[in-house]
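Participant: show me the folded form of this:
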Amino acid sequence: MYAVEGPDGRPERVPGQYGIYDSKPGDANYSPIWRYNYVIVPRDYEPNTLRSEEDCLRGGYQLVQSDVFTN
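Facilitator: Purely as a prediction, here's the structure:
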């Protein structure tokens with residue numbers, strides 16, 4: 001979860017927000033390679049209000065797909 005742009009113009013992480021994943025091992029769409037997506041929330045966002053992919057998609061916030069991958 002990321003707040004509006006930080007000092008360097010990039011989104012900055014919301015302290016205390018847990019990661020949100022769209023699949024887990026055993027799911028049909030699971031992959032061990034993860035692509036990061038940013039959910040841009042207002043500065044007054046309460047950490048962990050959004051807890052699932054569905055929450056993020058229905059939240060009305062800007063979603064930004066990054067070019068960052070991890071394994």
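Participant: could you use CA atoms for every contact and neighbour count after this?
Facilitator: Noted.
Participant: which stretches in this structure count as strands?
Facilitator: Taking DSSP state E as the criterion, the chain contains strands spanning 2-5, 11-13, 34-41, 62-70.
Participant: mean neighbour count, mean pLDDT and distance to residue 23 for those - can I get that in a markdown table?
Facilitator: A markdown table is the format used below for the strands of the chain (neighbours: other CA atoms under 10 Å; pLDDT from 0 to 100; distance: least, CA to CA, whole Å):
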| stretch | mean neighbour count | mean pLDDT | distance to residue 23 |
| --- | --- | --- | --- |
| strand 2-5 | 18 | 58 | 20 |
| strand 11-13 | 17 | 84 | 21 |
| strand 34-41 | 17 | 89 | 10 |
| strand 62-70 | 11 | 90 | 15 |
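Participant: as a quick check, tell me the outermost residue of the protein.
Facilitator: No residue in the chain sits farther from the centre than residue 26, which is 21.7 Å out by CA atoms, centre = their mean.
Participant: separation between that residue and residue 19?
Facilitator: Between residue 26 and residue 19 the computed distance is 19 Å (CA to CA, to the nearest Å).
Participant: with residue 57 instead?
Facilitator: 15 Å.
Participant: these two: who's more crowded?
Facilitator: residue 57 (13 against 10; other CA atoms under 10 Å).
Participant: for residue 53, which non-adjacent residue is spatially closest?
Facilitator: residue 22 (5.7 Å; CA to CA, 6 or more residues apart in numbering).
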